[in-house]
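Student: please work out how this folds:
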Amino acid sequence: MIATATVLDHLAALITYPGEKYLERLRDSWVALAREYPAAAETLQPFIEYSAKLDVAELEEAYTRTFDINPVCCLEVGWQLFGEEYERGAFLVKMRQALRENGLSESTELPDHLCHILPLLGRLDTAGAGPLVTACVLPAIDKMIAGFTDAKNPFECVLKTIRSVLRERYAATSGGNSVE
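Tutor: From the prediction side, this is the model:
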């Protein structure tokens, strides 16, 4: 079995701004998912088919339209949960600290972006990751998915794939909010 950290790193690569090697990252992610989470790999298939028809510039434009211009589908977990309230600032501070403690560096994205949170989850033990997933990450992803008003947007498949993996991986986990 592939280590959960590897699968979550692959998923994070899918919600990172596309670039020249995006289709390669997508293929690698699908292979990793198919081995450990076959149902999630199947959920990702429409996105793979969609992406294969586009060049890099078209993928970048679709990503920007979906996640950057549309605040309802933005990929920042803290924003989804707290908006611009004080609690988001506290969440950002805790995520930044957790990233540092686990040897993860930030990109140009804020520390509550899914591209940072997913690798973090893969490096936390289940007792630490489970409450964060159930109290914060899954509710935020559910809000992101609900924000898709265009039924033909294939990026929805990516978020549903991530949700599927997190639900399967952390289904048995319970506990309070580890970021409060």
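Student: switch to C-alpha atoms for all contacts and neighbour counts from now on
Tutor: Noted.
Student: go ahead and confirm residue 29 touches residue 7.
Tutor: Yes - Residue 29 is in contact with residue 7 according to C-alpha atoms under 8 Å; the separation is 7.2 Å.
Student: which non-adjacent residue is nearest residue 124?
Tutor: residue 102 (7.9 Å; C-alpha to C-alpha, 6 or more residues apart in numbering).
Student: which pLDDT value belongs to the one you found?
Tutor: We have a pLDDT of 94 for residue 102.
Student: that one against residue 123, yeah?
Tutor: Yes - if you go by C-alpha under 8 Å, residue 102 and residue 123 touch, sitting 6.8 Å apart.
Student: more neighbours: the two, which one.
Tutor: residue 123 (19 against 14; other C-alpha atoms under 10 Å).
Student: who's in contact with that one?
Tutor: By C-alpha atoms under 8 Å, 6 or more residues apart in numbering, the contact list for residue 123 reads 5, 102.
Student: what's the nearest residue to the residue nearest the centre of the chain if we skip its chain neighbours?
Tutor: Closest residue to the average C-alpha location of the chain: residue 114 at 4.1 Å, with C-alpha atoms, centre = their mean. The shortest distance from residue 114 to any non-neighbouring residue, by C-alpha to C-alpha, 6+ apart, is to residue 75 (5.7 Å).
Student: what about that neighbour, how many neighbours?
Tutor: 24.
Student: would you agree it is in contact with residue 144?
Tutor: Yes - Residue 75 lies in contact with residue 144 (C-alpha under 8 Å); the separation is 7.4 Å.
Student: low pLDDT regions in this structure?
Tutor: For the chain, the stretches with pLDDT under 70 are 1-4, 151, 172-180.
Student: break down it into its helices, ranges please.
Tutor: 4-14, 22-36, 38-52, 56-63, 77-82, 86-101, 114-123, 126-132, 138-146, 155-170 (DSSP state H).
Student: can you tell me which of the ones you listed is most buried?
Tutor: helix 114-123 (a mean of 23; mean count of other C-alpha atoms under 10 Å).
Student: and the contacts of stretch 134-153?
Tutor: 66, 72-75, 77-78, 80-81, 156, 159-160, 163, 166-167, 170, 173-174, 176-177.
Student: at 7 Å instead, please
Tutor: The contact list for stretch 134-153 (C-alpha atoms under 7 Å, 6 or more residues apart in numbering) reads 72, 73, 74, 77, 80, 81, 156, 159, 163, 177.
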